[in-house]
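Asks: Here is a sequence with its predicted model. Questions after.
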Amino acid sequence: MQDYLSTLNPEQRAAVEHTGKPLLILAGAGSGKTRVITTKIAYLIREKGYNPYSILAVTFTNKAAREMKERACRIEGRAENAMLRTFHSFGAWFLRRNAEAAGLSPNFTIYDDDDTAALLATIMAGAPKGEVRAAAGRIARAKDYFLDPDSLELPLVDHRKEFRVIYRRYEDRLREIGNVDFGDLIKKPVEILRNNPAIKARIHDRFRVIMVDEYQDANIAQFELLRELYADGAYICVVGDDDQSIYSFRGAEVQNILQFPQKFDGVDTIRLVRNYRSVAPILNLAGIVVNNNAGRLGKELVAERGDGKTPRLVFVQDQDTEAKFCANLVERAVDAGGAYSDWAILYRTNAQSLGFETEFLRRRVPYRVVGSLKFYEREEIKDALALLALMCNPRDEVAFRRVVNKPVRGIGGTTVERVLEQASGVGGDLLAALNEAQTGMTAKARQGVQSFLTALDEARGLLAGNTPSDDDGVAEADGAAEVAEIDGNGVAREKPGKRDKRDAGEKGGKKEKPARPLLKGAEGLSLCVAALAEGSGIAGYHHANDDIKGESRLANLQELVNAASLYPASADGLAEFLEHIELDRSIENAEDNETDMVTLITLHNTKGLEFKKVIMTGVEQGVFPRWDKRDAELEEERRLFYVGVTRAMDELYMTCAEIRRVWGQTQMMEPSVFLHEARDADIKLIGDVPWSWENHRRTTG
DNA sequence: GACAGTGAAATTTTT
DNA sequence: TTTCACTGTC
């Protein structure tokens, strides 16, 4: 009758049916972890009578969250109402509903790492960009570890006493602006729950089941959040694999999973060690290498698939040979009836993808590069998003600075600083301050300010429930501005030219460019986005750049406009759109999944994925692991090796080059220490085995 | 504010 | 080698 349970193995089934005490599921690679979680959600609803509404399951990636929801719903439709989110998306959800308790307005927007660095740059005026970035990183790390500017442990992140000051000032500025950064999405909810018993009681009342996927990647702040969310009598279940912890450099704390049994009362532990993904020799190799790590919980995976092809270690001359070898291998397999999508090329650093791309392009081997799509990091997209953010929150200093004089409208640094100063008089509203600051400006600057404010106003007017404000004497300034623009400066040709273009659109004069291309066919929120991009001049500015450099920035803006059409044209819709973009930057390329292509991917990005055939490239000392890795960091690299190897289902190849060009210099390479550690595994050597490898074998083996 | 020229630096990065 | 941040000039 419960046939959805009958396909589980005994341990999986025990994990699914477990209730009561806190549960730690140690799930090795390929042991059916996602299956267990999704089945468990269905089971709790169907068999244990839990209201789906009372179930919270958190993951780290949006992709994982989506997949979990989809799979859980396939087993039990009511899972639709369970809350399956990423940690950060849950934090944002919680924070919007309890913004007041954190001294925030619910219309806050979320600063990404770039925004954070931009804000910090205004605090660390004059500091080199690298230093600002580093400090921004340490602030993020401090928040990962749940440390305040006045925490005693802050020196563990940065021992310099200036850091405390900088962190404090950063926090103060962020509060004044009324926005949050990624770290706040976790840290603030913890603080709210600690300081507001009523809110905490409400949350405890609601969430009776808490589940966490990839628990080995949780940081301290996330652990604290779980602790606050967890109510007496509720059920908590975390799933993870200490051997796959590869993000400690970003604050993930392996101790969370290692210490879980000590941190919660009466924890039950279930190990999932049957691997259904890889053939035995691959799993054996992975196990032998990761066994060199100390401080593991320790588990031996069992290859349910049994024996299979022996992993190959391929010695190649250099990186060009390496790329050719990969292309050959793939082509030969495809000629024999295989698919391109069976294959994945793994590398340690993004820079290594270039060689493969060049070779694959030349050979017409179809490929996709995972994770390199930086759509939301593009200048034009960030500009448009800053305009939208400013509309959402007129106190957003970072957004304001970014777009106030782009395109150039005569608002220089001095004016910007003056406006920021004045803004404190109008509750931090930078647009109001800008409007007021016009009195001291040249007519030209005033014209620029007017068109900027008008554009924002018009776009806001396109949101339901808003009408453009019709005050401020916008009309009066126009006449004077016209005059000023003409007698403005020596670049006589440029200014009138721009005006011509604008007029041409309306009068149908010049045909080459439609005046407001983005507005065509826009609907929903995209109408607002398009109007803002056009009206602010950002679209025109980047279109001009396209003409010169042959880029496709206008097309990218068009993409953004299209994406917005899914949201309602309202203030809430806008906030939702911005939040979605901040929290989920993965671009779902529907074609990618359907087209037959080789996957090029960094080792880090492969977690959670599997491929029939994997080529792990650049397995050389200095590249993987990098030179500077020792102790704990070396162990993390080793886990990365483990993750890479265990992605492979049927075939694994590892390539090791004799020489490699690094930053234009040719270097002699040595096989990775991980390969030496693997030498007791069954591996087939291919190519010219280097002297050092044989030598090492003789002396140690 | 846009440019050319110079010199130093160069991971991984779920959110 | 490439990329970028910084500097000085127009």
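Replies: Alright, I've got the coordinates. Computed from a predicted structure; not experimentally measured. Numbering: from 1, shown residues only, chains lettered A, B, ... in the order given.

Asks: For chain A, what lies in contact range of DNA strand B?
Replies: Chain A comes close to DNA strand B at residues A:60-63, A:86, A:88-89, A:113, A:130, A:182, A:214, A:217, A:247, A:249-252, A:348-351, A:371, A:405, A:408, A:412, A:583-586, A:602, A:604-605, A:607, A:626, A:628, A:663-664, as judged by CB under 7 Å from any atom of the strand. The way it works is simple: take the backbone N, C-alpha and C, and place the C-beta from them, glycine included.

Asks: buried subset of those?
Replies: A:60-62, A:86, A:88-89, A:182, A:214, A:217, A:247, A:251-252, A:348, A:405, A:583-584, A:602, A:604-605, A:607 (16 or more other CB atoms under 10 Å).

Asks: Check whether stretch A:315-329 comes into contact with DNA strand C.
Replies: No: Stretch A:315-329 stays clear of DNA strand C (CB under 7 Å from any atom of the strand), getting no nearer than 12.2 Å.

Asks: Quick check: phi and psi at the residue nearest to the spatial centre of chain A.
Replies: With distances taken as CA atoms, centre = their mean, residue A:585 lies nearest the centre of chain A, 5.9 Å away. Taking degrees, to the nearest 10, you get phi -100, psi 0 for the backbone angles of residue A:585.

Asks: residues contacting it?
Replies: Neighbouring residues of residue A:585 by CB atoms under 8 Å, 6 or more residues apart in numbering: A:375, A:376.

Asks: And it, what's its pLDDT?
Replies: pLDDT recorded at residue A:585 is 80.

Asks: still on that earlier bit, so which of the residues of chain A next to DNA strand B are also by DNA strand C?
Replies: Residues of these in contact with DNA strand C (CB under 7 Å from any atom of the strand): A:130, A:663, A:664.

Asks: Pass me the low-pLDDT residue ranges in the stretch 501-650 of chain A, would you?
Replies: A:501-515, A:548-551, A:587-593 (pLDDT under 70).

Asks: Strands of the stretch 501-650 of chain A, start to end?
Replies: Assigned by DSSP state E, counting those that start in this stretch, the strands in the stretch 501-650 of chain A fall at A:598-602, A:611-616, A:648-657.

Asks: would you turn the ones you listed into TSV with distance to residue A:431?
Replies: Listed next are those as TSV, based on distance: least, CB to CB, whole Å:
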stretch	distance to residue A:431
strand A:598-602	41
strand A:611-616	50
strand A:648-657	55
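
Asks: right, so of those, which gets closest to residue A:118?
Replies: strand A:598-602 (26.2 Å; CB to CB).

Asks: Tell me how far residue A:449 lies from residue A:73.
Replies: Relative to residue A:73, residue A:449 is positioned 51 Å away (CB to CB, to the nearest Å).

Asks: Also residue A:296?
Replies: Taking CB to CB, one finds residue A:296 at 35 Å from residue A:73.

Asks: and if you look at residue A:688?
Replies: Relative to residue A:73, residue A:688 is positioned 53 Å away (CB to CB).

Asks: Could you do residue A:128 as well?
Replies: According to CB to CB, residue A:128 and residue A:73 sit 50 Å apart.

Asks: And residue A:600, by the same measure?
Replies: 32 Å.

Asks: Of these two, which one has the most company?
Replies: Per other CB atoms under 10 Å, whichever of residue A:600 and residue A:73 has more neighbours is residue A:600, with 26 against 19.

Asks: looking at it, that one is touching residue A:365, isn't it?
Replies: No: with contact defined as CB atoms under 8 Å, residue A:600 does not count as touching residue A:365 (10.4 Å).

Asks: Could you list which residues are in contact with residue A:110?
Replies: So residue A:110 contacts A:92, A:179, A:180, A:181, A:182, A:185, A:578, A:579, A:582, A:583 (CB under 8 Å, 6+ apart).

Asks: ok, how many other residues are close to whichever residue of the stretch 51-200 of chain A sits closest to DNA strand C?
Replies: In the stretch 51-200 of chain A, the residue that lies nearest DNA strand C is residue A:128 (3.9 Å; CB to the nearest atom of the strand). When neighbours are defined as other CB under 10 Å, residue A:128 has 10 of them.

Asks: how about the helices of the stretch 251-400 of chain A, start to end?
Replies: A:255-258, A:260-263, A:280-290, A:319-335, A:353-363, A:379-392, A:397-403 (DSSP state H, counting those that start in this stretch).

Asks: Any part of the fifth one near DNA strand C?
Replies: This points to helix A:353-363. No: using CB under 7 Å from any atom of the strand, helix A:353-363 stays clear of DNA strand C, coming no nearer than 8.5 Å.

Asks: Can you mark which positions in that helix are buried?
Replies: So, applying 16+ other CB under 10 Å, buried residues of helix A:353-363: A:353, A:355, A:356, A:357, A:359, A:360.

Asks: what's the offset of the longest helix along chain A from the middle of its chain?
Replies: As assigned by DSSP state H, the longest helix anywhere in chain A is helix A:443-461. The chain centre lies 34 Å from the centre of helix A:443-461; the measure is CA atoms, centre = their mean, to the nearest Å.

Asks: Now do that helix and helix A:379-392, the angle between them.
Replies: 70 degrees (axes from the mean of the first three to the mean of the last three CA atoms, to 10 degrees).

Asks: coming back round to it: which ones among the residues of chain A next to DNA strand B are found in strands?
Replies: Judged by DSSP state E, those include A:86, A:602 as members of strands.

Asks: Looking at the residues of chain A next to DNA strand B, which are in helices?
Replies: A:62, A:63, A:88, A:89, A:113, A:130, A:182, A:583.

Asks: Return the per-residue confidence for the first one.
Replies: Listed pLDDT for residue A:62 reads 90.

Asks: Just to check, it is in contact with residue A:580?
Replies: No: using CB under 8 Å as the test, residue A:62 is too far from residue A:580 to be in contact (9.4 Å).

Asks: Residue A:540: which of the buried residues of helix A:353-363 is nearest?
Replies: Once CB to CB is applied, the member of the buried residues of helix A:353-363 that ends up nearest residue A:540 is residue A:357, at 33.0 Å.

Asks: Residues touching stretch A:61-76, excluding its own?
Replies: By CB under 8 Å, 6+ apart, stretch A:61-76 touches A:4, A:34-35, A:37-39, A:41-42, A:45-46, A:57-59, A:79-80, A:82, A:84-86, A:89, A:213-214, A:583-584, A:586, A:608.

Asks: mind running it again at 7 Å?
Replies: A:4, A:34, A:37-39, A:41-42, A:45-46, A:57, A:59, A:79-80, A:82, A:84-86, A:213, A:584, A:586, A:608 (CB atoms under 7 Å, 6 or more residues apart in numbering).

Asks: Buried only: go through these for me.
Replies: Applying 16+ other CB under 10 Å to these flags A:4, A:34, A:37-39, A:41-42, A:45-46, A:57, A:59, A:79, A:82, A:84-86, A:213, A:584, A:608 as buried.

Asks: So residue A:143 belongs to a helix, correct?
Replies: Yes: counting by DSSP: H, G, I helix; E, B strand; the rest coil, residue A:143 is part of a helix.

Asks: if I pick the closest residue to it other than its chain neighbours, what's in contact with it?
Replies: Distances taken as CB to CB, 6 or more residues apart in numbering place residue A:183 nearest to residue A:143, at 2.8 Å, with adjacent residues excluded. By CB under 7 Å, 6+ apart, the residues touching residue A:183 are A:140, A:143, A:144.

Asks: starting at the chain centroid, how far to stretch A:527-544?
Replies: Distance of stretch A:527-544 from the chain centroid (CA atoms, centre = their mean) equals 26 Å.

Asks: Other residues contacting it?
Replies: By CB under 7 Å, 6+ apart, the list of residues contacting stretch A:527-544 from outside reads A:380, A:383-384, A:387-388, A:403, A:406-407, A:452, A:455-456, A:458-459, A:462-463, A:513, A:516, A:518-519, A:522, A:553-554, A:557, A:560-561, A:564, A:569, A:574.
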